[in-house]
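Visitor: show me the folded form of this:
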Amino acid sequence: MTDDHDIALEAERRRAIRALLAEPLLLPNSDEFALVRRHAEWLRTWFGTFLGYRLVVEAGFARLFKPGLGQGRGRPLQRPTGQFTPRMYAYLALTTAVLLTCPEQVLLSQLVADIRAAAVEAGIELGDAQRPAERRALGAALRQMVAWSALREEQGSVTGYADDDQAEALLTVERDIVAHLMATPPGRTATPAEFVAHAAGPGQGGSRHRVRRRLCEEPVLYVDDLTGADRVWLRREQRRDERSYLDYLGLQAELRAEGAALLDPDDSLSDVSFPGNGTVAQAALLTIGALTERLRPDPGALVVGVPVPKDLLDDILAGLAERHARRWAGQYVTDPVLLREAVVALLVSMDLMARSAPTVADVEPEESLAAAERAVDARHVRGTAPDGDLVLLAAAARYAPAEKVR
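Guide: Numbering: from 1, shown residues only. Okay, the predicted model is just below:
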C-alpha cells in the first residue's frame, strides 16, 4: 500500500511540475490547479532548489516566475493569428503598469486613455490611436490580459476595440494577478539589454541553474553554446541529473558529445510539435531528412553543425513542392520564398538549424575547467559558418532517413 501511495504521490507532483512549466500562470480552470495547491509547499522547494524558480500559489492562481534565458532566447506569446509583436509587448507592459494603480472597476475607454497617458509619461512614442494597426496591437494586449484573468469583462468585451475605437466595456481588475505578472521588475536596470541580462541571471545557483533551465526550456542544448564553466558542469553532472529529469518531469535525457536534449514521450510539454501537421511542418521534416542525407559529415572532429549550401535548400524545397503540390497549401506551393522562410523559421525554433553558428566543437568532453574557459574565447573564430549562412545542427541527425539494408 505504501508503494502504491508513493507512486501516486510522485505522479501527482510530476503532473503539477509539468503543468507549471507549460503554463507559468496557472488558473483555477486548469485540471492541474488543484494538484498545485495540494503540493504547493513541496513544489516551492523543488523549483527553488532544482531550477532557481520562485513559485507563488494563491487561492485564485499559481505563478511560476521563470526569469528568462538571455538575449535572443525568448519565446514570443502566441495568438490565433500569429506571434506577439514588439508593439503588442509595449502595450502589454503599459497596460500592466496602469492596472496596478487604476480603480478596481474601469471603463475600456478610460483604460485606453490611461494607457496612452502612461506612454507619454514614459517617453514611449505611440502611433495615432485611430490607426487600425495601433488598435489591433492594443487590442491584442487587452485580450491577453483577459485570458490571464488580470481583467474580467463585466459588460461588453475588449475584443471589439480592434475594429472600433468607440467600443465600450466595463472591466474589473484582478490586482493580485496583475501584481504577479512581471517576473523581473524593470526598474532595476537602465537599458533593455541590461534588463534582459539581469533577468536571466541564475543567482547563487550559477551553472547548476543556468544549464538546467536551458535543458528544460529549449529543444536542444549544444556544448558549443555554453560558457566554459557551464560545459564542465554539464559534463560532470549530466548523468546524475538524468534520473531527476525522468522522475520529476517525465522527460528522457539524450546525452551526446555535441550536447544534450530532454525528450517528452507524451509530446505535450512543448508549445511547438515537431514532427507536426500542416504544410510547413511536413516540408520541414522532409527537408531536414534530405539535408542530413546530403550533408552527412565525415568521421573525425566533433561536428556540431554543417553549413548548408545556398542553393541546396531551395532545390530541395522546389522538388518537394512539385511532388506534393496536390496536398500542400497552395500559398506555399506557388511562393517558394514564403515556403523557405516558414520552413527555416520552424527548424531554427527547434534548434535543428541556425543562422550562422559554430560547425566544429572546440572542446573535449572531459576537459578541465581552465581549458574550457580558454576555449570559449576562440569558439567563434574557427569552425564557424559566415554570418547569414544557414547551418544544419547536430540534432538534425535524429531525423535522418534510415539506412537501407543492402
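Visitor: please report how far the residue nearest in space to the middle of the chain lies from residue 256.
Guide: By Cα atoms, centre = their mean, the mean C-alpha position of the chain lies nearest to residue 75, the distance being 3.4 Å. According to Cβ to Cβ, to the nearest Å, residue 75 and residue 256 sit 24 Å apart. Using the backbone N, CA and C atoms, a C-beta is placed for each residue, glycine as well.
Visitor: ok, back up a step: so who does the residue nearest to the residue nearest to the centre of the chain when sequence neighbours are not counted touch?
Guide: Nearest residue to residue 75, sequence neighbours excluded (Cβ to Cβ, 6 or more residues apart in numbering): residue 271, at 7.1 Å. For residue 271, the contact set (Cβ atoms under 8 Å, 6 or more residues apart in numbering) comprises 22, 75, 78.
Visitor: closest to residue 392 among those residues?
Guide: residue 75 (22.0 Å; Cβ to Cβ).
Visitor: roughly how far does the closest one sit from residue 219?
Guide: With distances taken as Cβ to Cβ, residue 75 is found 11 Å from residue 219.
Visitor: show me how the chain divides into domains.
Guide: 2-65, 78-178, 191-263, 279-399 (automatic domain parsing).
Visitor: of these, which is nearest residue 184?
Guide: The nearest among those, by Cβ to Cβ, is domain 191-263 at 4.0 Å.
Visitor: just checking the distance from that closest one to the centre of its chain.
Guide: Chain-centre distance of domain 191-263: 14 Å, with Cα atoms, centre = their mean, to the nearest Å.
Visitor: how about stretch 297-310?
Guide: A distance of 26 Å separates the centroid of the chain from that of stretch 297-310, by Cα atoms, centre = their mean.
Visitor: could you list the low-pLDDT ranges of the stretch 301-406 of the chain?
Guide: Confidence mapping of the stretch 301-406 of the chain against pLDDT under 70 gives the ranges 301, 357-388, 402-406.
Visitor: and the one helix or strand residue 37 maps to, what does it pack against?
Guide: Using DSSP states H and E, residue 37 maps to helix 33-38. Taking 3 or more Cβ pairs under 8 Å, 6 or more residues apart in numbering; DSSP states H and E as contact, the helices and strands that helix 33-38 lies on are helix 2-22, strand 62-65.
Visitor: and these, which is most packed in?
Guide: strand 62-65 (a mean of 22; mean count of other Cβ atoms under 10 Å).
Visitor: after that strand comes which helix or strand?
Guide: Going down the chain from strand 62-65, the next helix or strand is strand 78-79, by DSSP H and E.
Visitor: partners of that next one in the sheet?
Guide: Strands adjacent to strand 78-79 in the sheet, as given by DSSP bridges, are strand 82-83 (antiparallel).
Visitor: give me the residues contacting the strand it pairs with.
Guide: Contacting residues not belonging to strand 82-83 are listed as 76-77 [Cβ under 8 Å, 6+ apart].
Visitor: whatever helix or strand comes next after that strand packs against which elements?
Guide: Counting by DSSP H and E, the next helix or strand C-terminal to strand 82-83 is helix 86-99. Identification of packing neighbours for helix 86-99 by 3+ Cβ pairs under 8 Å, 6+ apart yields helix 108-122, helix 132-147, helix 175-178.
Visitor: average pLDDT for helix 86-99?
Guide: Averaged over helix 86-99, pLDDT sits at 94.
Visitor: distance between it and the chain's centre?
Guide: The chain centroid and the centroid of helix 86-99 are separated by 20 Å under Cα atoms, centre = their mean.
Visitor: stretch 276-291 now?
Guide: In terms of Cα atoms, centre = their mean, the centre of stretch 276-291 is set 21 Å apart from its chain centre.
Visitor: mean confidence score for it?
Guide: 93.
Visitor: other residues contacting that stretch?
Guide: Residues outside stretch 276-291 that contact it (Cβ under 8 Å, 6+ apart) are 273-275, 308, 312-313, 316-317, 320-321, 324, 328-329, 332, 339, 342-343, 346-347, 352-353, 392, 396, 399-401.
Visitor: please redo it, this time with the cut-off set to 7 Å
Guide: Contact with stretch 276-291 is made by 274-275, 308, 316-317, 320, 328-329, 332, 339, 342-343, 346-347, 352, 392, 396, 399-401, as judged by Cβ atoms under 7 Å, 6 or more residues apart in numbering.
Visitor: could you tell me which of those are located in strands?
Guide: Members of the contacts of stretch 276-291 lying in strands (criterion: DSSP state E): residue 392.
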